[in-house]
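S.K.: what's the 3D shape of this:
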Amino acid sequence: MKLKKISESIKLGLGMRKSTRIEVGDVEARREAFRTFSEKLAAVDEFPPDVVTTDIVVTGRHGQRIPARVYRKKGSTHRGLMVFVHGGGMIVGSIDSNHLTVSRYVERTGITALAVGYRLAPEHPYPAQQDDVIEAVAWAHSHAGELNIDRAHIGLVGESAGGGIAAGVALRLRDSGTYPIACQLLVYPMLDDRTQSAGAMASKFLTWTVADNQTGWNALLEGKAGTADVPEYAAPARVKNLAGLPPTYVEVGTLDLFRDEDEKFANDLQAAGVEVEFHLRVGAPHGFEVFSPELLPRVFRQRAEFLAKYLGD
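M.R.: Numbers count the residues shown, from 1 in each chain. You can find the predicted model right below:
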């Protein structure tokens, strides 16, 4: 993909987003920009007709009510389940944010999905987000019959902040020995609170900026981002022992702020003996599905193949 075309598509997206000059720490302005951007994208979404959804509420052990959405493909007999964790920098988003994306996974694979509307920072700092996803996994286990799923074929799928949350959940479940995870698919995951800069080329095309990143991490960590007081599970890039994690798919673009942390995480997983599939998308920014839609057919095929391999019958 030529850089001129990339630049034009990113400028279009940033024009819709209108958040390139928002000050560090301004969560509400970012939420408003995200709402505007999402509404414009939703206006052109085409939902697959053979995917049906059911909205539910998962009640957590502390009484929190977690909105969730079950996606099924009509006529599918697959018994796997993908637990989907949306993006949004830890501060924005809901089960509606990736509605079309989740439906595409389900349409292509026939695998049931459970999208989780976890609590957001700063109102709910770490570990609320991971706690809610774990509650959703527990709910899926207890409702396996109703969902017609096999508990041994439950995987985590997360994008951006959702990828970081999913990675943290996988680590916590590994260490607790509860609710085994069959695989995790992490799309440009937000993994390292210490990331403060991008490469010279990427810095010209950032759709998730350093200011955005600082805002999200400090909201999650109550102002402690980059310090020695950050729990490892909160920022999976800090974890030293990655052995025993499930097969992992990691994907990031060369024009993404998260490029270095994601590539290092994939390499560290592989060094720890974890089965890893890593894709570096040349010329792709953060959220490239919006800005570079020509990549979608190949990208979704590869993601779907990974999910089918580990969550299929």
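S.K.: mind checking the SS state of Val57?
M.R.: Classification of Val57 using DSSP: H, G, I helix; E, B strand; the rest coil returns strand.
S.K.: in the protein, mark out all the strands, start to finish.
M.R.: Assigned by DSSP state E, the chain shows strands spanning 51-59, 65-73, 81-85, 112-116, 154-159, 184-187, 248-255, 276-285.
S.K.: of all those strands, which lies closest to Ala128?
M.R.: Ala128 lies closest to strand 65-73 among these, at 10.1 Å (C-beta to C-beta). For the C-beta atoms, the positions are set from N, CA and C on the backbone; glycine is no exception.
S.K.: show me how far that closest one is from its chain's centre.
M.R.: Relative to its chain's centre, strand 65-73 lies at 16 Å (C-alpha atoms, centre = their mean, to the nearest Å).
S.K.: check stretch 80-90 too.
M.R.: On the basis of C-alpha atoms, centre = their mean, stretch 80-90 sits 5 Å off its chain's mean C-alpha point.
S.K.: let's see it as CSV, backbone CA atoms only.
M.R.: Extracted as CSV, the C-alpha positions of stretch 80-90 are listed here (Å, rounded to 0.1, in the frame of the first residue of the first chain):
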residue,chain,number,x,y,z
GLY,A,80,-16.4,-23.4,20.2
LEU,A,81,-16.8,-19.9,21.8
MET,A,82,-14.8,-16.7,21.3
VAL,A,83,-15.1,-14.3,24.2
PHE,A,84,-14.7,-10.9,22.5
VAL,A,85,-13.1,-7.9,24.4
HIS,A,86,-13.6,-4.5,22.7
GLY,A,87,-11.1,-1.8,22.3
GLY,A,88,-11.2,1.8,23.4
GLY,A,89,-8.0,2.6,25.3
MET,A,90,-9.5,1.4,28.6
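S.K.: and that stretch, which residues are buried?
M.R.: For stretch 80-90, the neighbour count (16 or more other C-beta atoms under 10 Å) marks Gly80, Leu81, Met82, Val83, Phe84, Val85, His86, Gly87, Gly88, Gly89, Met90 as buried.
S.K.: quick one: the closest residue to Phe47 other than its chain neighbours from Gly216, how far?
M.R.: Using C-beta to C-beta, 6 or more residues apart in numbering and skipping the chain neighbours, the partner closest in space to Phe47 is Ser103 (5.7 Å). Here Ser103 is placed at a distance of 26 Å from Gly216 (C-beta to C-beta, to the nearest Å).
S.K.: over to Gly199?
M.R.: For Gly199, the distance to Gly216 (C-beta to C-beta) stands at 20 Å.
S.K.: please identify which of those two sits among more neighbours.
M.R.: Just comparing Gly199 and Gly216: by other C-beta atoms under 10 Å the higher neighbour count belongs to Gly216, 26 against 12.
S.K.: show me what contacts the more buried one?
M.R.: Residues in contact with Gly216 (C-beta atoms under 8 Å, 6 or more residues apart in numbering) are Gly89, Met90, Ile91, Ala121, Ala161, Met190.
S.K.: now it: closest residue in space, sequence neighbours ignored.
M.R.: Of all residues not flanking Gly216 in the chain, Gly89 sits nearest, at 3.5 Å (C-beta to C-beta, 6+ apart).
S.K.: in the protein, what helix or strand scores lowest on average pLDDT?
M.R.: Within the chain, no helix or strand scores below helix 3-17, which has a mean of 47 by mean pLDDT, DSSP states H and E.
S.K.: look at Ala42 and report its pLDDT.
M.R.: Ala42 carries a pLDDT value of 68.
S.K.: what's the residue nearest in space to the middle of the chain in contact with, if anything?
M.R.: By C-alpha atoms, centre = their mean, the chain has its centre lying nearest to Glu159, at 2.0 Å. Glu159 sits next to Val85, His86, Gly87, Asn98, Thr101, Val187, Tyr188, Pro189 when contact means C-beta under 8 Å, 6+ apart.
S.K.: which two among these are spaced furthest apart?
M.R.: Greatest spatial distance among the contacts of Glu159 (C-beta to C-beta): Thr101 and Pro189, at 14.9 Å.
S.K.: where does the prediction get shaky in the stretch 201-313 of the chain?
M.R.: The model of the stretch 201-313 of the chain has pLDDT under 70 over residues 201.
S.K.: where do the helices of it begin and end?
M.R.: All helices of the stretch 201-313 of the chain, identified by DSSP state H, counting those that start in this stretch, fall at 210-220, 259-271, 288-291, 296-311.
S.K.: can you lay out these as JSON lines showing distance to Ile111?
M.R.: Listed next are these as JSON lines, based on distance: least, C-beta to C-beta, whole Å:
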{"stretch": "helix 210-220", "distance to Ile111": "29"}
{"stretch": "helix 259-271", "distance to Ile111": "23"}
{"stretch": "helix 288-291", "distance to Ile111": "19"}
{"stretch": "helix 296-311", "distance to Ile111": "5"}
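S.K.: looking at those, which is nearest to Ala138?
M.R.: Ala138 lies closest to helix 296-311 among those, at 18.1 Å (C-beta to C-beta).
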